[in-house]
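J.: just a sequence and a predicted model for now, questions to come.
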Amino acid sequence: MKATQIVLADRPKGIPTADVFRFEEIELPNLKDGEVLVQPTYISVDPYMRGRMNDMESYSPPFQLNVPIQGRVVGKVTDSKSDKLKVGDIVIGTLPWATKSVQSASSLEKIDASLVPASYYLGILGTPGLTAYFGLMDIGKPKAGETVVISGAAGAVGMVVGQIAKIQGCRVVGLAGSDEKVNLLKDQFGYDEVINYKTIGRGLFEAIQTYCPNKVDIYFDNVGAEISDMIMMNINFRARVIICGQIALYNTPQITRGLRFLPMVLTRSALIKGFIVHDYKDQFPEGMQQLTTWIKEGKLHFKETIIHGFDKLPEAFLGLFAGHNVGKMLVEVE
């Protein structure tokens, strides 16, 4: 049986281009006992994958050249030699970018797609939702009346962070890169204020002061660089700064020099903590239960940007760095 896969053909320097990906046709092996054939339905593309394209040590090993890129995938079992999974089961796992793949059944988790769309397990009930929940609730420890600022607020994580902060009774201010995203966050996701950082330019510092008159108690950082510099100059006493992502710097080949804000951290007795969601893997059931409860209660909503076609995977991934997504970016395999 043949399949098409996408491998990393070259390591990008700066912003990736389409030529770092290569499509290959392969012959799949026959199933062995305990294995299943999985056909993907939704494939996740995520900013962290850019770091794995570099040949350097990080919290996840780098992608290898001429080897299929891997990520989170929701798919359907189309053949099985396993007692654990049967044909027709919907599963989630870390799988290669391929039109079909043979997997050990023990590496997959069966999901219930009758309660929520299957794609939600890659978004609000997947890594983005859990990242938002544990980052804000465990590190941020929000209290009613506090001001929470979120960069990358219209992304898969930021969109959920803002809603959880509102559930906790906080004032929520977001930063996003288009008027469409600004209006969406205010009208559908309950943000109190949203700043379009692309149009406000050098007025960002003053905008933060205006929209955060009591300064910033919690900053959930998905972006980094100059945006974070301006927000850090407006933090409150005992502020909590949650470092979740630095997408503005992922394609920068050299370390840039910016504002030195550690004196502000010192004099404001602030906390800065970076984290990876898998730091909380033992608590995932708790997070899933709470997120599911809020969804059922109508307190949490979600938005997806779905690109259709397996061949559009590189395009969808590159679109992350141009801000083409609202909420979670996914590719639906047709």
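T.: Now that the structure is in, tell me what you want to look at. If you're wondering where the values come from, they're calculated on a predicted model, not measured in any experiment.
J.: how many residues are close by residue 322?
T.: Other residues near residue 322 come to 9 when the count uses other CB atoms under 10 Å. All C-beta spots, glycine's among them, are computed from the backbone N, C-alpha and C.
J.: could you check the pLDDT of it?
T.: For residue 322, the pLDDT comes out at 88.
J.: that one and residue 15, how far apart?
T.: Distance, residue 322 to residue 15, by CB to CB, to the nearest Å: 9 Å.
J.: now residue 41
T.: Relative to residue 15, residue 41 is positioned 29 Å away (CB to CB).
J.: those two: who's more crowded?
T.: Neighbour tally, residue 41 and residue 15, criterion other CB under 10 Å: the higher count belongs to residue 41, 20 against 13.
J.: could you list the domains of the chain?
T.: Taking automatic domain parsing as the reference, the chain has its domains at 2-123+302-332, 127-278.
J.: where does pLDDT dip in the chain?
T.: Where the chain drops to pLDDT under 70, the residues are 250-251, 253-256.
J.: ok, longest helix in it?
T.: Ranked by residue count, the top helix of the chain under DSSP state H comes out as helix 284-296.
J.: which helices and strands does the next helix or strand after that helix pack with?
T.: Later in the chain than helix 284-296, the nearest helix or strand by DSSP states H and E is strand 304-308. If you count contacts as 3 or more CB pairs under 8 Å, 6 or more residues apart in numbering; DSSP states H and E, strand 304-308 packs onto helix 313-319, strand 328-332.
J.: now these as CSV including mean neighbour count?
T.: Formatted as CSV, the helices and strands packed on strand 304-308 follow (neighbours: other CB atoms under 10 Å):
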stretch, mean neighbour count
helix 313-319, 20
strand 328-332, 24
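J.: closest to residue 162 out of those?
T.: strand 328-332 (14.6 Å; CB to CB).
J.: quick one: strands adjacent to the closest one?
T.: The pairing partners recorded for strand 328-332 under DSSP bridges are strand 35-44 (antiparallel), strand 304-308 (parallel).
J.: hang on, the earlier thing: now the helices and strands packed on strand 304-308 in CSV, with distance to residue 189?
T.: Shown next, in CSV, are the helices and strands packed on strand 304-308 (distance: least, CB to CB, whole Å):
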stretch, distance to residue 189
helix 313-319, 21
strand 328-332, 14
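J.: to residue 79, which of these lies closest?
T.: Of all the helices and strands packed on strand 304-308, it is strand 328-332 that lies closest to residue 79, at 21.4 Å by CB to CB.
J.: to the chain's geometric centre, what's the distance from that closest one?
T.: Between the centre of strand 328-332 and the centre of its chain there are 11 Å (CA atoms, centre = their mean, to the nearest Å).
J.: could you say which helix or strand contains residue 169?
T.: Here residue 169 sits in a region with no helix or strand, counting by DSSP H and E.
J.: what's the answer for residue 76, then?
T.: Per DSSP H and E: residue 76 is located in strand 70-80.
J.: how about that strand, which residues are buried there?
T.: For strand 70-80, burial by neighbour count (16 or more other CB atoms under 10 Å) applies to 70, 71, 72, 73, 74, 75, 76, 77, 79, 80.
J.: same thing with stretch 160-177?
T.: Residues of stretch 160-177 classed as buried by neighbour count (16+ other CB under 10 Å): 160-166, 168, 170-177.
J.: ok, so of those, who is nearest residue 111?
T.: For residue 111, the nearest member of the buried residues of stretch 160-177 is residue 160. The distance, counting by CB to CB, is 18.6 Å.
J.: hang on, isn't that closest one packed against residue 129?
T.: Yes. With contact defined as CB atoms under 8 Å, residue 160 and residue 129 form a contacting pair (5.3 Å).
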